[in-house]
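Colleague: predicted coordinates and the sequence they were generated for:
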Amino acid sequence: QVQLVESGGGLVQPGGSLRLSCAASGNIFSIDAMGWFRQAPGKQREVVAAITSGGSTNYADSVKGRFTISRDNAKNTVYLQMNSLKPEDTAVYYCNADRALIDGLGYVYDTWGQGTQVTVSS
């Protein structure tokens with residue numbers, strides 16, 4: 001199996017920055033696309049950013065130019081650098097692994113972390 005653990009959330013003032021991390025553990029050979037999603041109270045979960053194993057990235061229009069996704073394949077870790085944060089960025093942020101190849105198990109699909117709270121408020 002694959003476990004994803006997010007960290008780095010917290011309370012920040014508007015205009016501030018946070019860096020989220022998501023570490024994958026398990027007997028992992030490789031992970032394909034990884035992404036960050038968020039869910040605000042009363043709203044549906046939405047994609048924030050995604051990155052392939054080769055480093056290609058995509059972003060939601062609402063975060064383009066402010067957020068940067070990156071990954072360290074050797075550490076099976078994905079990051080989300082969030083700058084110029086706005087109150088509307090307040091949400092629980094979740095990490096997702098699209099497909100992971102696990103030793104002795106094969107492919108495991110659509111794994112989620114437990115989420116980390118990001119609150120942007122003065």
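Modeller: Now that the structure is in, tell me what you want to look at.

Colleague: which elements pack onto the helix or strand containing residue 36?
Modeller: Per DSSP states H and E, residue 36 falls inside strand 34-39. The helices and strands touching strand 34-39, judged by 3 or more CB pairs under 8 Å, 6 or more residues apart in numbering; DSSP states H and E, are strand 18-25, strand 46-51, strand 67-72, strand 77-82, strand 91-102. (Glycine included, C-beta is placed from N, CA and C.)

Colleague: so what are the sheet partners of the very next helix or strand once past the first one and their directions?
Modeller: Past strand 18-25, further along toward the C-terminus, the next helix or strand under DSSP H and E is strand 28-31. Strand 28-31 has these partner strands in its sheet, going by DSSP bridges: strand 91-102 (antiparallel).

Colleague: need the pLDDT of the closest residue to residue 79 other than its chain neighbours.
Modeller: Excluding the flanking residues, the one nearest residue 79 by CB to CB, 6 or more residues apart in numbering is residue 70, at 4.9 Å. On pLDDT, residue 70 comes in at 97.

Colleague: same question, the one 5 residues further on
Modeller: According to the model's per-residue confidence, residue 75 sits at a pLDDT of 93.

Colleague: surely it touches residue 25?
Modeller: No - between residue 75 and residue 25 there is no contact under CB atoms under 8 Å: 10.3 Å.

Colleague: let me know the pLDDT of residue 93.
Modeller: Residue 93 carries a pLDDT value of 98.

Colleague: ok, what's across the strand from it?
Modeller: Beta-bridge partners, per DSSP bridges, of residue 93: residue 38, residue 116.

Colleague: residues contacting residue 48?
Modeller: 35, 36, 37, 38, 59, 60, 63, 67, 80, 93 (CB atoms under 8 Å, 6 or more residues apart in numbering).

Colleague: can you rerun that using 6 Å?
Modeller: Applying CB atoms under 6 Å, 6 or more residues apart in numbering, we find residue 48 in contact with 36, 38, 60, 63.

Colleague: now it. Nearest residue, chain neighbours left out?
Modeller: residue 36 (4.4 Å).

Colleague: tell me which residue lies farthest from the centre of this protein.
Modeller: residue 104 (26.2 Å; CA atoms, centre = their mean).
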